[in-house]
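> Fold the following, please.
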Amino acid sequence: MKLSDVHILEKITAGEIIISPEVPEDHIGSFSIDLRLGNHFRVFKPREYPFIDLSHDSLFAMSDELMEDVILTPNQAFYLHPGELALGITLESVRLPPHIAGWLDGRSSLARLGLMVHITAHTIDPGWEGQITLEFVNVGRLPLALQPGMRICAISFEPLSGPSSKPYWQKKGAKYCHQHSPLSSRIEKD
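Numbering: from 1, shown residues only. Just a heads-up that it's a prediction; the model follows:
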């Protein structure tokens with residue numbers, strides 16, 4: 001059962017859920033909070049490699065060597081072309097306690113223009129802390145101009161039956177905890 005806006009605000013006031021910087025009041029929906037887009041992106045280097053070897057024997061599988069950073073200055077937009085994949089990050093940092101999971105959803109208004117905000121990674125583990133990496137894909141026919149600071153996704157919260165014995169920050173192989181930039185795949189650490 002997801003938390004209502006009333007219970008989300010209670011958890012934030014009690015310091016159980018932390019979202020920083022604080023979101024504007026009009027970003028709080030009936031059971032979710034809209035998060036904004038940060039200014040840091042990662043994109044694949046054009047034609048640098050002929051393919052990506054997903055086998056565990058590969059030494060660099062999906063390492064940072066395959067991608068490069070794009071950091072926007074104020075008033076710049078990030079252009080996502082049809083069929084392209086890029087990683088972005090939320091402006092807000094989120095911290096969840098061991099007894100609450102988060103669910104990330106795209107915004108319907110943006111999906112109707114062809115923007116997918118996450119491909120499969122929509123679960124925010126209990127015990128997660130950091131800015132959330134977004135997996136953007138443009139499935140539309142026209143390039144999309146993404147503006148830092150725009151409302152980009154929504155996060156909702158679901159209490160667990162009890163606290164997890166393995167909150168994300170304590171989980172063996174927690175590859176993405178405390179991230180403050182969009183991180184490339186860490187599959188080689190599996």
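> Tell me the secondary structure at residue 109.
Three-state secondary structure (criterion: DSSP: H, G, I helix; E, B strand; the rest coil) places residue 109 in helix.
> For it, grab the count of nearby residues.
9 (other CB atoms under 10 Å). For the C-beta atoms, the positions are set from N, CA and C on the backbone; glycine is no exception.
> ditto for residue 169
Residue 169 has 17 nearby residues by other CB under 10 Å.
> Then residue 125?
For residue 125, using other CB under 10 Å, the count is 19.
> Could I get the buried residue list for the strand or helix carrying residue 11?
Assessed by DSSP states H and E, residue 11 sits inside helix 5-13. For helix 5-13, burial by neighbour count (16 or more other CB atoms under 10 Å) applies to 8, 11-12.
> Give me the neighbour count for residue 143.
14.
> gap between it and residue 113?
11 Å (CB to CB, to the nearest Å).
> Tell me which stretches of the chain form strands.
Using DSSP state E, the strands of the chain run over residues 18-20, 33-36, 40-44, 67-71, 78-80, 85-95, 100-106, 115-116, 123-124, 129-138, 144-146, 151-159.
> nearest to residue 180, of these?
strand 129-138 (5.5 Å; CB to CB).
> ok, back up a step: wait, which of the buried residues of helix 5-13 is closest to residue 31?
Using CB to CB, the buried residues of helix 5-13 come closest to residue 31 at residue 8, 7.6 Å.
> so the closest one makes contact with residue 30?
No - taking contacts as CB atoms under 8 Å, residue 8 lies outside contact range of residue 30: 9.8 Å.
> Quick check: bridge partners of the closest residue to residue 155 other than its chain neighbours?
Nearest residue to residue 155, sequence neighbours excluded (CB to CB, 6 or more residues apart in numbering): residue 102, at 5.1 Å. Going by DSSP bridges, residue 102 is paired in beta bridges with residue 124, residue 157.
> isn't residue 102 right next to residue 123, touching?
Yes - look at residue 102 against residue 123 with CB under 8 Å: they come within range, at 7.4 Å.
> between the two, who's got more neighbours?
residue 102 (20 against 13).
> and residue 131, what does it touch?
38, 89-94, 179-181 (CB atoms under 8 Å, 6 or more residues apart in numbering).
> okay, among the residues you listed, which ones form the most distant pair?
Going by CB to CB, the pair spanning those furthest: 94 and 181, at 15.0 Å.
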